[in-house]
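What follows is a predicted protein model with its sequence.
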Amino acid sequence: MAKLLKGKDVVENINARLADQVHKLKASGVTPTLAILRVGEREDDLSYERGAKKRCEQVGVEVKVIALAADVSATEYLDTLEKLNRDKTIHGILMFRPLPKHIDEKKARNMLAAEKDVDGCTDLSLAGVFTNTSLGFAPCTAEAAMEILKYYNIPLEGKRVAVIGRSLVIGRPVAMLLMHANATVTICHTRTVDITSITKEADIVVVASGQMESVGADYLKEGQTVIDVGINWNSEKNKLCGDVKFDEVEDIVSAITPVPGGVGGVTTSILVKHVVEAAMRQNNL
């Protein structure tokens with residue numbers, strides 16, 4: 001049976017580190033603060049907002065929620081964003097997406113100051129991921145996957161990693177982060193020919209296909225580590241599940257992240273970590 005790479009232990013480890021950094025910031029007169037910019041009241045946004053606020057409170061990070069009406073004008077939205085950019089008491093900004101169709105999302109996300117882009121959505125932040133420089137921050141989910149591998153001492157240097165998925169939220173950025181850790185990475189996607197021959201040769205498989213339970217035993221072999229990034233609602237089973245058929249592969253692989261209880265919870269902690277890091281950078285601490 002596979003070892004479960006539980007997110008709870010990783011979160012506790014991150015929180016302990018953050019508490020020390022927040023203490024140092026507050027001793028210097030700085031309260032790390034996250035601004036959440038939300039349009040309307042989508043339930044998935046509200047759920048993530050509640051989780052982010054709870055995690056921030058645990059380590060002493062302040063949260064300010066700026067909730068705009070669903071029909072807010074593009075001008076008002078962008079003006080609000082620019083005010084947050086200029087506000088020196090705000091260290092990180094979480095911009096909920098997707099935005100309403102009447103707001104140009106590409107323009108909006110690239111108006112966000114990279115140094116406050118704690119969710120890694122701007123082009124500058126992504127450039128920083130690809131060049132391994134501190135231009136903004138990596139997307140939280142991609143960094144969460146890396147944090148789990150690091151916490152559980154999963155070797156990366158010289159290892160073969162297959163990443164299933166090529167989105168800018170997880171697939172491509174996590175591939176770059178893995179390469180910076182000296183892993184050899186292959187990105188697989190819907191046009192990949194004979195994908196199972198690639199995944200079976202890997203030491204580590206990161207699954208971010210966006211398709212519920214799309215990866216089964218035929219993709220994997222004994223001895224592998226599997227990071228399942230997916231979070232999906234299975235209406236037939238009436239429960240959350242990942243992109244991996246957990247019950248089918250648990251007895252095959254050596255280690256796997258559960259869903260729920262794996263990458264998702266760590267993602268929120270990475271968001272808070274980025275807010276604290278942003279506050280330290282902006283105050284030269």
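Alright, I've got the coordinates. Numbering: from 1, shown residues only.

Lowest average confidence across helices and strands of the protein, where is it?
Lowest on mean pLDDT, DSSP states H and E among the helices and strands of the chain sits strand 232-234, with a mean of 89.

Now do it: which elements does it pack against?
Applying 3 or more CB pairs under 8 Å, 6 or more residues apart in numbering; DSSP states H and E, we find strand 232-234 packed against strand 239-241. C-beta: built from backbone N, CA, C; applies to glycine.

buried ones in stretch 252-265?
By neighbour count on 16 or more other CB atoms under 10 Å, the buried set for stretch 252-265 is 252-253, 255-259, 262-265.

contact partners of the least confident helix or strand of the chain?
Residues outside strand 232-234 that contact it (CB atoms under 8 Å, 6 or more residues apart in numbering): 212-213, 239-243.

Which stretches in the stretch 101-250 of the chain count as helices?
All helices of the stretch 101-250 of the chain, identified by DSSP state H, counting those that start in this stretch, fall at 105-111, 123-131, 140-151, 171-180, 195-199, 246-249.

looking at those helices, which is buried most?
Ranked by mean neighbour count under mean count of other CB atoms under 10 Å, the helices of the stretch 101-250 of the chain are led by helix 140-151, which reaches a mean of 24.

List the contacts of it.
Residues outside helix 140-151 that contact it (CB under 8 Å, 6+ apart): 5, 7, 9-10, 13-14, 118-120, 129, 137, 156, 169-170, 173-174, 177-178, 181, 204, 206, 208, 225, 227, 229, 257, 262-263, 266-271, 274.

could you flag which of those are buried?
5, 7, 10, 14, 118-120, 129, 137, 156, 169-170, 173-174, 177-178, 181, 204, 206, 208, 225, 227, 229, 257, 262-263, 266-271, 274.

Go through those residues and flag which are in strands.
Using DSSP state E, 204, 206, 225, 227 are the members of those that sit in strands.

JSON lines for the residues you listed, including pLDDT and distance to A162?
What follows is these, written out as JSON lines (pLDDT from 0 to 100; distance: CB to CB, whole Å):
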{"residue": "I204", "pLDDT": "98", "distance to A162": "8"}
{"residue": "V206", "pLDDT": "98", "distance to A162": "7"}
{"residue": "T225", "pLDDT": "98", "distance to A162": "11"}
{"residue": "I227", "pLDDT": "98", "distance to A162": "11"}
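
Quick check: the farthest pair among these?
With CB to CB as the measure, no two of these lie farther apart than V206 and T225, at 9.2 Å.

which residues touch E250?
1-2, 256.

For it, give its distance to G242.
12 Å (CB to CB, to the nearest Å).

next one: L25
36 Å.

Please say which of the two ends up with more neighbours.
G242 (29 against 20; other CB atoms under 10 Å).

Settle this for me: the more buried one is touching V226, isn't it.
No: contact criterion CB atoms under 8 Å: G242 and V226 do not qualify, at 9.4 Å.

shared neighbours of these two, anything?
207, 257.

quick one: pLDDT of K106?
Here the pLDDT value assigned to K106 is 95.

ok, now which ones touch it?
By CB under 8 Å, 6+ apart, K106 has no neighbours at all.

do you know how far it is from V174?
22 Å.

what do you get for E12?
For E12, the distance to V174 - CB to CB - is 23 Å.

helices or strands up against the strand or helix carrying A16?
Element membership for A16, per DSSP states H and E: helix 7-27. In this structure, helix 7-27 makes packing contacts with helix 43-59, helix 140-151, helix 263-282, judged by 3+ CB pairs under 8 Å, 6+ apart.

what residues are up against R97?
Taking CB under 8 Å, 6+ apart as the test, what R97 contacts is 105, 109, 121.
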